[in-house]
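S.K.: Coordinates for the following, if possible.
(one chain, ligands or ions: 1)
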Amino acid sequence: MTRFDVLVVGAGPAGLAAAHAAVEKGALVGVVDDNPNAGGQIWRGDPEQQSDPRARQLWSALSSSRRMVFLPQTRVLYAPQPGHLLVQTASASATLHYDKLVLATGARERLLPFPGWTLPGVTGAGGLQALSKGGYPLQGKRVVVAGSGPLLLASAATLKSKGAHIVAIVEQAATPALLRFAAGLLSTPSKITQALQLSAQLRGVPYLRNSYVLSAHGDGTLQSVQIQRSGVPEVETLQCDYLACGYGLLPNVELAQALGCATVSENGQTVVKVDALQMTSVPGIYCAGEGTGVGGVDLALAEGHIAGLAASGNEVLAQEAIAPRAHWKKFADRLARAFVLRPELRTLAGDDTIVCRCEDVCHGDLRTHTGWRSAKLQTRCGMGPCQGRICGGATEVLYGWRPDAVRLPISPARISSIIE
Ligand SMILES: Cc1cc2nc3c(=O)[nH]c(=O)nc-3n(C[C@H](O)[C@H](O)[C@H](O)COP(=O)(O)OP(=O)(O)OC[C@H]3O[C@@H](n4cnc5c(N)ncnc54)[C@H](O)[C@@H]3O)c2cc1C
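M.R.: Residues are numbered from 1 along each chain as shown. Okay, here's the model as predicted:
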């Protein structure tokens, strides 16, 4: 089946909530995700196995409905014409047709370069969490979790549950900002419960606030990291097997941009611009979840619900569902304020530190350029398989510029998928 009333890209919380709302209203819904299972980042692996009852309820209702078709391991490449999406599966390509489209493509981690960050054993915080959820063995391994944001706690808890020894959690945000954020949780009791659960799971793990990783060291593979703690003049060395380091999340806006949807800057991030009913600047295309701004699972669910109702023609019901979204938007704003990156992180890379990992372009080759285009033309920065998705987040922090266009196909594709 390739023709849908509502096609949803992304099977994370936002996409599942959108699909569920649309299916409940009688629409024929397709859900596309490049992972083998639904669930997105937070419910990775299998929504039916999650402790969050919302994951189980959404997936059991959707998977038992004859009006929902799930297309796993299917990646959207581009739109050959309005109402069509070219997708690639593990073995084939196909064109999907839709009446309304909901983009729920989530976010990715922001990785920042520092000396040694390309050593084997250094990963993103969510990256190592995702690997461990997929079965990567960490039993008995010493892990430093570092960077910024609540994902560090979630990641450390997952890694610990898989048998890793968490040496420390190294959070760059300063103590006053963290205290303000904690006080703000009073308005979101479910987040307090979550925080208490995480702190119980992480009892005994040092949480080093106001601290950041300076460099990673090892002979061929990671052996230690050096960290700077605020108020402590000496650099501290932590021995470890893995460093899981990520500096917050960046919305995945590339597919929306490729479809002509406008973006705006919000809380220091480039996000897809949507109206009150989650519709983008392109009529008939909606966006929900982290693509419209990083705000956590509750905001993703609220936005997905609105988008699914609106996309299936139930605008009045969608209007009535706006209040919970406003509540979680405020949480998103507090999140952004609390975990603003400290300026010192811009100064860690040396001239020989690689910034663009796909094309091996170093900080020394980039720092004299005035913008992304000049750097790209003269150094090949951002021209590898990730098309600037990793280094673009870093160049924005380091030099104030980021990718200025999206090239199609938006992800690496087989030649046979894109040649007619
Ligand atoms: C690595 C990582 C780990 C995280 N871990 C946690 C955690 O443990 N706890 C927590 O509270 N929050 C976590 N988060 C934050 C979490 O993602 C959000 O809170 C929320 O779940 C976002 O929901 P979403 O539906 O917007 O996006 P996501 O859950 O990210 O879902 C988006 C989905 O779209 C798919 N997709 C994107 N582009 C395409 C395309 N072109 N074609 C096909 N499919 C596509 C992605 O593969 C993904 O499955 C994590 C985020 C990241 C990036």
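S.K.: part of a helix, is Ser374?
M.R.: Yes: counting by DSSP: H, G, I helix; E, B strand; the rest coil, one finds Ser374 located in a helix.
S.K.: how far away is it from Glu396?
M.R.: Using C-beta to C-beta, to the nearest Å, Ser374 is found at 15 Å from Glu396. All C-beta spots, glycine's among them, are computed from the backbone N, C-alpha and C.
S.K.: ditto for Leu85
M.R.: Leu85 is 28 Å from Glu396, where distance means C-beta to C-beta.
S.K.: hang on, the earlier thing: looking at Ser374 and Glu396, which one has more neighbours?
M.R.: Remark: of Ser374 and Glu396, Glu396 carries more neighbours, 18 against 14, as counted by other C-beta atoms under 10 Å.
S.K.: mind listing what the more buried one touches?
M.R.: Applying C-beta atoms under 8 Å, 6 or more residues apart in numbering, we find Glu396 in contact with Arg402.
S.K.: Tell me the spacing between it and Leu159.
M.R.: Distance, Glu396 to Leu159, using C-beta to C-beta: 28 Å.
S.K.: Check Thr123 too.
M.R.: The gap separating Thr123 from Leu159 is 11 Å, by C-beta to C-beta.
S.K.: what is in contact with those two at once?
M.R.: Joint contacts of Thr123 and Leu159 (C-beta under 8 Å, 6+ apart) are Ala244.
S.K.: mind listing the strands for the stretch 201-350 of the chain?
M.R.: Applying DSSP state E, counting those that start in this stretch to the stretch 201-350 of the chain gives strands spanning 207-208, 211-217, 224-229, 236-239, 242-247, 249-251, 263-266, 269-272, 285-287.
S.K.: Could you dump those strands into a markdown table and include distance to Gly296?
M.R.: Converted to a markdown table, the strands of the stretch 201-350 of the chain look like this (distance: least, C-beta to C-beta, whole Å):
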| stretch | distance to Gly296 |
| --- | --- |
| strand 207-208 | 20 |
| strand 211-217 | 23 |
| strand 224-229 | 27 |
| strand 236-239 | 29 |
| strand 242-247 | 15 |
| strand 249-251 | 10 |
| strand 263-266 | 15 |
| strand 269-272 | 14 |
| strand 285-287 | 16 |
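S.K.: which one of those strands lies closest to the ligand?
M.R.: Between the ligand and these, the tightest spacing by C-beta to the nearest ligand atom is seen for strand 249-251, at 5.3 Å.
S.K.: Quickly run through the sheet partners of that closest one, with directions.
M.R.: strand 107-109 (antiparallel) (DSSP bridges).
S.K.: near the ligand, anything from the helix or strand following the partner strand?
M.R.: Downstream of strand 107-109, the first helix or strand assigned by DSSP states H and E is strand 122-123. No: if you take C-beta under 6 Å from any ligand atom as the test, strand 122-123 misses the ligand, and the best it gets is 10.2 Å.
S.K.: Whichever helix or strand comes after strand 122-123: which residues count as buried?
M.R.: Remark: after strand 122-123, the chain's next helix or strand is helix 125-133, criterion DSSP H and E. With burial defined by 16 or more other C-beta atoms under 10 Å, the residues of helix 125-133 counted as buried are 125-133.
S.K.: Just the CA coordinates for helix 125-133, please, in PDB.
M.R.: Provided in PDB are the C-alpha atoms of helix 125-133 (Å, rounded to 0.1, in the frame of the first residue of the first chain):
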ATOM      1  CA  ALA A 125      25.800  10.400  25.600                       C
ATOM      2  CA  GLY A 126      22.600   9.300  23.800                       C
ATOM      3  CA  GLY A 127      24.700   7.500  21.300                       C
ATOM      4  CA  LEU A 128      26.200   5.100  23.800                       C
ATOM      5  CA  GLN A 129      22.700   4.700  25.400                       C
ATOM      6  CA  ALA A 130      21.300   3.800  22.000                       C
ATOM      7  CA  LEU A 131      24.100   1.300  21.400                       C
ATOM      8  CA  SER A 132      23.500  -0.300  24.800                       C
ATOM      9  CA  LYS A 133      19.800  -0.600  24.200                       C
END
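S.K.: helices or strands up against it?
M.R.: With contacts defined as 3 or more C-beta pairs under 8 Å, 6 or more residues apart in numbering; DSSP states H and E, helix 125-133 has these neighbours: strand 107-109, strand 142-148, helix 151-161, strand 242-247.
S.K.: can you give me the mean pLDDT across that helix?
M.R.: Averaged across helix 125-133, pLDDT comes to 96.
S.K.: and the angle for that helix with helix 151-161?
M.R.: 20 degrees (axes from the mean of the first three to the mean of the last three C-alpha atoms, to 10 degrees).
S.K.: Do helix 125-133 and the ligand come into contact?
M.R.: Yes: between helix 125-133 and the ligand, judged by C-beta under 6 Å from any ligand atom, the touching residues are 126, 129-130.
S.K.: can I have stretch 359-370 written out in PDB, keeping just the CAs?
M.R.: Extracted C-alpha coordinates of stretch 359-370, given in PDB (Å, rounded to 0.1, in the frame of the first residue of the first chain):
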ATOM      1  CA  GLU A 359      36.100  14.700   5.600                       C
ATOM      2  CA  ASP A 360      38.800  15.000   8.300                       C
ATOM      3  CA  VAL A 361      38.800  18.800   8.300                       C
ATOM      4  CA  CYS A 362      40.500  20.300  11.400                       C
ATOM      5  CA  HIS A 363      39.700  23.400  13.500                       C
ATOM      6  CA  GLY A 364      42.900  25.100  12.100                       C
ATOM      7  CA  ASP A 365      41.500  24.800   8.500                       C
ATOM      8  CA  LEU A 366      38.100  26.200   9.500                       C
ATOM      9  CA  ARG A 367      38.600  29.000  12.000                       C
ATOM     10  CA  THR A 368      39.700  31.600   9.400                       C
ATOM     11  CA  HIS A 369      36.600  31.200   7.300                       C
ATOM     12  CA  THR A 370      33.800  33.700   7.500                       C
END
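S.K.: Isn't Trp43 up against Ala17?
M.R.: No: applying C-beta atoms under 8 Å as the test, Trp43 and Ala17 come out as separate, 11.6 Å apart.
S.K.: what does the chain have sitting close to the ligand?
M.R.: Residues of the chain that fall close to the ligand, judged by C-beta under 6 Å from any ligand atom: 9-15, 32-35, 40-42, 75-76, 104-109, 126, 129-130, 151, 154, 249, 252, 255, 289-290, 296-297, 300, 411.
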